[in-house]
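S.K.: Sharing a sequence plus its predicted fold:
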Amino acid sequence: MPGREAGMIWQDGKLLSPGAVLPGDRVYHGMRIWDPGYSKVAALCHMHGEPPVTNARILYLGAAAGSTVSFLSDYAEVVYAVEFSPRPVRSLVRLALARKNIIPLFEDARYPERYLPFVEPVDLLIQDIAQRDQADIALRNLIFLKRGGELILFLKLLSMGTDKKREDRITEVVEVLEKGGITNPAVLDLDRYHTGHVSVWGIYSP
């Protein structure tokens with residue numbers, strides 16, 4: 001499976017985050033608890049290992065109001081956060097004003113050329129978009145990912161329709177990503193924390 005030792009903070013089985021505490025955060029030993037029940041990235045860490053987020057440049061597609069983005073920013077060099085829905089974008093922008101390393105982008109991830117001038121090459125591309133064309137959206141955004149960088153695609157399978165079996169749908173996505181240059185993508189189940197979701201995690205080697 002991709003990933004490397006990322007140096008994330010764990011205490012007593014809890015994944016912690018060293019940034020400034022935000023309203024609604026739970027705190028343990030003075031640090032934010034990154035709850036796997038509320039963040040698929042945290043669930044991935046608990047179940048399958050740490051993605052390479054420390055000191056990384058990250059492009060996050062489907063940022064919503066920025067909860068997961070805020071935790072990523074505690075570890076990353078910079079997080080480019082793309083969100084298309086106006087209501088959560090307002091919260092995302094407020095978060096970015098308080099964090100120097102979050103760049104909010106009010107854009108549709110289907111059209112990466114619109115934010116191409118604002119995003120540097122990234123080490124890690126994370127996508128959490130509940131749309132039927134999730135795999136195609138990921139492929140379009142590979143233009144930002146460095147060779148050898150990592151893609152983490154969170155798939156909400158029900159959003160992709162009910163016309164195919166779960167296994168067939170996952171196989172279809174994996175084949176699409178492999179054709180796009182993602183090597184040895186690992187399919188990782190997240191049902192313990194996020195029912196109906198899997199993560200596809202691979203390395204970009206075009």
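M.R.: Yes, it's here.
S.K.: quick one: low-confidence ranges for this structure?
M.R.: Along the chain, segments meeting pLDDT under 70 span 1-6, 159-164.
S.K.: residue ranges for the strands of it, please.
M.R.: Assigned by DSSP state E, the strands in the chain fall at 9-11, 14-17, 27-28, 31-33, 57-61, 78-83, 102-106, 122-127, 145-156, 182-189, 197-204.
S.K.: Format those as a markdown table; extra columns: mean neighbour count.
M.R.: C-betas here are computed from N, CA, C, even on glycine. Shown next, in a markdown table, are the strands of the chain (neighbours: other Cβ atoms under 10 Å):
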| stretch | mean neighbour count |
| --- | --- |
| strand 9-11 | 13 |
| strand 14-17 | 20 |
| strand 27-28 | 11 |
| strand 31-33 | 19 |
| strand 57-61 | 27 |
| strand 78-83 | 26 |
| strand 102-106 | 21 |
| strand 122-127 | 23 |
| strand 145-156 | 21 |
| strand 182-189 | 17 |
| strand 197-204 | 22 |
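S.K.: Dump these into a markdown table; add distance to Pro51 as well.
M.R.: Below are the strands of the chain laid out as a markdown table (distance: least, Cβ to Cβ, whole Å):
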| stretch | distance to Pro51 |
| --- | --- |
| strand 9-11 | 14 |
| strand 14-17 | 12 |
| strand 27-28 | 21 |
| strand 31-33 | 18 |
| strand 57-61 | 9 |
| strand 78-83 | 13 |
| strand 102-106 | 18 |
| strand 122-127 | 6 |
| strand 145-156 | 6 |
| strand 182-189 | 11 |
| strand 197-204 | 7 |
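S.K.: Which one of those strands lies nearest to His48?
M.R.: In terms of Cβ to Cβ, the element of these nearest to His48 is strand 182-189, at 4.7 Å.
S.K.: would you put the C-alpha positions of the closest one in PDB?
M.R.: Taking Å, rounded to 0.1, in the frame of the first residue of the first chain, the C-alpha atoms of strand 182-189 are listed here in PDB:
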ATOM      1  CA  ILE A 182      -2.300   5.200 -11.000                       C
ATOM      2  CA  THR A 183      -0.200   2.200 -10.200                       C
ATOM      3  CA  ASN A 184      -1.200  -0.700  -7.900                       C
ATOM      4  CA  PRO A 185      -4.300   1.100  -6.400                       C
ATOM      5  CA  ALA A 186      -5.300  -0.500  -3.100                       C
ATOM      6  CA  VAL A 187      -9.000  -0.700  -2.400                       C
ATOM      7  CA  LEU A 188      -9.600  -0.100   1.300                       C
ATOM      8  CA  ASP A 189     -12.900  -0.600   3.100                       C
END
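S.K.: and it, how far out from the chain's middle?
M.R.: Here the centre of strand 182-189 is set off from its chain's centre by 14 Å, with Cα atoms, centre = their mean, to the nearest Å.
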